[in-house]
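Chemist: Sharing a model prediction with you, sequence too.
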Amino acid sequence: MHENLIKDLRQALPEGAVSTAEEDLICYGSDATRIVGRPDVVARPHDAGLIAEVIKAASKNSAAVSPRGAGTGLSGGCVPVKGGVVVSTERLNSVKDIDTVNLIAVVEPGVVTARLHEAAEGLGLFYPPDPASYKACTIGGNIAENAGGLRGLKYGVTRDYVMGLKVALPNGAVITTGSRTLKNVTGYDLTRLMVGSEGTLGIILEATLKLIPKPETKAAFLASFATLEAASEAVVSIIKSGLTPSTLEVMDDVTIKAVEEYQPSGNDTNCGALLLIEVDGSEPEVKRQADRLSDTLSGAGALSIRRAADEHEQAALWSARRAALTALARVSPSVVLEDATVPRSEVPAMVRAIRGISKKYGLRIGTFGHAGDGNLHPTIITDMRIPENRDKVHAAVSDIFKAALMLGGTLSGEHGIGIAKAEFMEAEVGKEGLAAMRSVKDALDPKGIMNPGKIFRD
Amino acid sequence: MSKPLEKYTDMVYKCIRCGACRAVCPTFGEELCETAVARGRMALIEAVLEGKLELTDSLEKIVFNCAMCGACKASCPSGVDVPAVIEAARAELVLRKGSEPMMRYLAKRSLKDKKATDKAFALMALGRAVYGPLAATPLGRYLPYQYRDFKRNFPKIPLKTLAKRIPALSRVDKPKGRVALYAGCVIYYVYPEIGEAAVKVLNTAGYDVVFIADEVCCGKPLLSLGELDAAKGLAEKNVALLSGLDVEHVLTACPTCALTLKEDYPKILPESDAASALAGKVEDVNRFLVRNTDILDRLDKSGMSVTYHDPCHLNFGMGIKGEPRELIKAASGSLVEMSEPERCCGFGGSFSFLNYTLSGRISGRKAASIIATKADALVTACPGCMMHISDALGQAGSDIKTMHTLQILERSLKT
């Protein structure tokens, strides 16, 4: 127990912002991985300025600081594995400014991503990153994990929209990185260093984000294929044809069946895979893209091609994809969702590898995800309360990582390394690569208080 | 000793902690903390089941700090029946801790049988007659529910209950069929005019209406308070009164009652075939009117501009969103949607009595959405929501009228 830490926090923060109630220690101890930690204390400031005070108190007492947004992460990024203080940014939720000339939004870290979407779209602007949890997750967490989403192929990921940050460093100093300008080459790009640093280098207090004009219109297609391999070959054809769909999603037969059971929508459950494709832009541009897409899909051996005639039908097509994780989650008590990512030319090979791993361990794996950017979500459906299953899952996940790396891919496309993937870091970045990252970490956080246990194995 | 919570172990474990409930939970929307959202509540209940957490007073507060709207259940990827789990946790608390605050004691006493309920509401009618004027005086601040931030307006309670207003059978010439009306306490005692409207509208649609004046409370308030056994007694009584009726449907104009009769009765009376039979016959009056009758052709558009609030138990509980809107459009001609029409009004039955400050913040948000529409009337399909929303609108200084769908239909019936 960090009694002095708790005392210092109570002194630095107003009443109600610091809790040691057993209930809070439980509720703020885990995220969507269900990995469980236990903080000594939870801090929930109303004022971003107070976050630096929390860090100072933790530093003084050499206690761990685990930043937390909405706790929707899928890598254990906010789980307090070394006790100390959990700092929740959920109360810091104001959209401070939307600048329609410079196309910029300035937000506090606890702003829910969907709220930023609404605020921008209300003014004819667009903030593209849309992680699946966008209705609940927060911008601070999105930046810390460099979250992706369905629109990555055409629009990139969170990283591509962060222009500047205000960050509280592990020594309690507050720095401002980047600017409101599109061009900025002043010194090291600390903004990019912070994006995806998983809370190990500091806590984001404010973000300046890039917005773009909202695309005029869009068209959506659903195409079925005999096999997952055929669908992933079609993905390659689409890209080769020069098209850049705004989304290009795939679902395999395991997922399709689960979805159809969960919400019957008349999709062919005998096909091997579905592709859901959306193109956007101006009216003539969308028409041109849609025509070319239809041709490409037929040429790639699609069994059926459905085009959504209006927004209502688009929503219907989307509902199947949106229900993917939901439907798989209902099949058994636990789901283990991975996000190993490969260059998109290797999607067919990765798909085959996942099939093999599923067979090897006798585990049911539903695969869906962002085929267009090579970011697949092999999802293991099991019951993690049974120890034997845990071992099998661990081995299978390790094989999935190895396969992705073999194909020139990465351990994590959008969820982050967090706790569970830390042991595989060296395999991807190498001994020296990891040492370089470590020296950045040590330089900024010599006491090692910021989110220990994440990215690096301690 | 039975353990109400234990059978929900697997259900609780199904929560994958994704946090989707944070986007829809009305208490989270105000409190912005994990202990006020379904995910946190499930984590705590799981800890209790695993023996890692005691049933402390603070946990009791958390478990009772839920409006039971069911928005989380409707948006849960894993299909966790959160309200059922919370109800079981409350029952467990009542069983294990025994002690009960006054509110729960009063609810138990006044709902246990018809006579007690009659008396309780008659007392409340008198109490309300004094409470209103008294609340306006300097002494008002000593009254319950007159806080600095929220000064609750209670509806006037008439002494003449629904039983004294409508007959056991309201006949029409050449009936198309026969239905029963189960009013539920709020309509029976507080808004009997809704019951009268129901009879008028259903008669116009060509249906004979049976009304059992001896009906008792559906039992939901007791279930929500964890008083499983007391609720069971009420369920048995209602099943005995209603299941044998020779009617096509038992209609309700209170979605909470409907959901209780439909979903809870078969669960709390698993041995009773009559309870299951009754559950199959229960139907929401809005859906019945749209699906089974030609009422839409029997309305003149009033021209009144109306906004509609989705009652949680109708929308999240029974998936009914379209029918009340169809009725409103036919009756008024003008439906203006408010922002977040499906967000809970904050009533939650006993929730609004046990946690009025939080409940008032939730209803304040609802009132703001309603006022922004500039509509003439707020229409909803639940008498509980009506009570709470008219309180919030009053506090916000708005004179927008609050009406039940049946009342707006009644006004627009072709003569």
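Modeler: Thanks, I have it.

Chemist: Just the helices from the stretch 251-400 of chain B, written as ranges.
Modeler: Shown for the stretch 251-400 of chain B, the helices assigned by DSSP state H, counting those that start in this stretch span residues B:255-259, B:265-268, B:273-281, B:285-292, B:312-318, B:322-332, B:350-354, B:356-372, B:383-395.

Chemist: So which bits of chain A are right by chain B?
Modeler: A:21-24, A:26-28, A:30-34, A:44, A:70-72, A:88, A:90-91, A:93, A:112, A:114, A:133, A:135-137, A:325-326, A:329-330, A:333-335, A:385 (C-beta under 8 Å from any C-beta of the partner chain). (Each C-beta comes from the backbone N, C-alpha and C, glycine too.)

Chemist: Emit the PyMOL select command for whichever of these are buried.
Modeler: Buried subset of those, written as a PyMOL selection, criterion 16 or more other C-beta atoms under 10 Å in any protein chain shown:
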select buried, chain A and resi 22+23+24+26+27+28+30+31+32+33+34+44+70+71+72+88+90+91+93+112+133+135+136+137+325+326+329+330+333+334+335
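
Chemist: Next step: the residues of chain A next to chain B restricted to strands.
Modeler: Mapping these onto strands (DSSP state E) picks out A:Ser88, A:Ser334, A:Val335.

Chemist: Work out which residue lies at the spatial centre of the chain.
Modeler: All of this is about chain A. Most central in chain A under C-alpha atoms, centre = their mean is A:Ala147, positioned 3.4 Å from the mean C-alpha point.

Chemist: nope, chain B please
Modeler: Central residue of chain B (C-alpha atoms, centre = their mean): B:Thr256, at 3.9 Å.

Chemist: all helices for the stretch 151-300 of chain A, in order.
Modeler: A:152-155, A:190-194, A:228-240, A:253-262, A:283-299.

Chemist: Lowest mean pLDDT across those, which one is that?
Modeler: For those, mean pLDDT drops lowest on helix A:253-262, to a mean of 90.

Chemist: so of the helices of the stretch 251-400 of chain B, which one's packed in deepest?
Modeler: Highest mean neighbour count of the helices of the stretch 251-400 of chain B: helix B:255-259, a mean of 28 (counted as mean count of other C-beta atoms under 10 Å in any protein chain shown).

Chemist: What is that one packed up against?
Modeler: Applying 3 or more C-beta pairs under 8 Å, 6 or more residues apart in numbering or on different chains; DSSP states H and E, one finds that helix B:255-259 contacts helix B:220-224, strand B:282-284, helix B:312-318.

Chemist: List the contacts of the residue in the stretch 351-458 of chain A positioned nearest to chain B.
Modeler: Among all residues of the stretch 351-458 of chain A, A:Arg385 sits closest to chain B, at 7.2 Å; criterion: C-beta to the nearest C-beta. Each residue near A:Arg385 by C-beta atoms under 8 Å, 6 or more residues apart in numbering or on different chains is listed here: A:Pro333, A:Ser334, B:Tyr13.

Chemist: Quickly name whichever of those residues is closest to B:Asp310.
Modeler: B:Tyr13 (30.6 Å; C-beta to C-beta).

Chemist: how about stretch B:57-65, does it reach chain A?
Modeler: Yes. Counting by C-beta under 8 Å from any C-beta, chain A has neighbours in stretch B:57-65: B:Ser58, B:Leu59, B:Ile62.

Chemist: Show only the entries of those residues found in strands.
Modeler: Using DSSP E, none of the residues of stretch B:57-65 next to chain A sit in strands.

Chemist: Closest one of those residues to A:Ala207?
Modeler: B:Ile62 (32.1 Å).

Chemist: from what I can see that closest one touches B:Arg41, true?
Modeler: Yes. The criterion here is C-beta atoms under 8 Å, and B:Ile62 meets it with B:Arg41 at 6.5 Å.

Chemist: Comparing the two, which residue is more hemmed in?
Modeler: Counted by other C-beta atoms under 10 Å in any protein chain shown, B:Ile62 and B:Arg41 do not tie: B:Arg41 has more neighbours, with 29 against 24.

Chemist: quick one, strands of chain B?
Modeler: Using DSSP E, strands in chain B cover B:169-170, B:177-182, B:207-211, B:249-252, B:282-284, B:305-309, B:334-335, B:377-380, B:401-404.

Chemist: Throw these into a markdown table and include distance to chain A, mean pLDDT and mean neighbour count, thanks.
Modeler: A markdown table is the format used below for the strands of chain B (distance: least, C-beta to the nearest C-beta, whole Å; pLDDT from 0 to 100; neighbours: other C-beta atoms under 10 Å in any protein chain shown):
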| stretch | distance to chain A | mean pLDDT | mean neighbour count |
| --- | --- | --- | --- |
| strand B:169-170 | 41 | 98 | 14 |
| strand B:177-182 | 31 | 98 | 22 |
| strand B:207-211 | 33 | 98 | 23 |
| strand B:249-252 | 27 | 98 | 25 |
| strand B:282-284 | 22 | 98 | 24 |
| strand B:305-309 | 20 | 97 | 24 |
| strand B:334-335 | 19 | 94 | 17 |
| strand B:377-380 | 24 | 98 | 25 |
| strand B:401-404 | 28 | 97 | 22 |
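
Chemist: Which of those sits closest to B:Glu34?
Modeler: Going by C-beta to C-beta, the one of the strands of chain B nearest B:Glu34 is strand B:305-309, 27.7 Å.

Chemist: what ranges of chain A fall below the confidence cut-off?
Modeler: Applying pLDDT under 70 to chain A flags the ranges A:1.

Chemist: Give me the neighbour count for residue 254.
Modeler: As the question left the chain open, I've gone with chain A. Count around A:Val254 with other C-beta under 10 Å applied: 20.

Chemist: meant chain B, my bad for not saying
Modeler: 31.

Chemist: And for B:Ser398?
Modeler: Neighbour number of B:Ser398 under other C-beta under 10 Å is 16.

Chemist: OK, contacts around it?
Modeler: Shown in contact with B:Ser398 (C-beta under 8 Å, 6+ apart): B:Ala367, B:Ile370, B:Ile371.

Chemist: which residue sits closest to A:Ala223, ignoring its sequence neighbours?
Modeler: Excluding its sequence neighbours, the residue lying closest to A:Ala223 (C-beta to C-beta, 6 or more residues apart in numbering or on different chains) is A:Ala302, at 4.2 Å.

Chemist: State the distance from the one you found to A:Ala273.
Modeler: Distance, A:Ala302 to A:Ala273, using C-beta to C-beta, to the nearest Å: 10 Å.

Chemist: Quick check: residues of the stretch 1-150 of chain B near chain A?
Modeler: B:10, B:13-14, B:16-23, B:32-35, B:39-40, B:43-44, B:47, B:52-53, B:56, B:58-59, B:62, B:77-79.

Chemist: Apply 6 Å and report the result again.
Modeler: B:13, B:16-20, B:22-23, B:32, B:34-35, B:40, B:43-44, B:47, B:58, B:62, B:77-79 (C-beta under 6 Å from any C-beta of the partner chain).

Chemist: Select from those every entry located in helices.
Modeler: Residues of these located in helices (DSSP state H): B:Tyr13, B:Gly40, B:Ala43, B:Leu44, B:Ala47, B:Ser58, B:Ile62.
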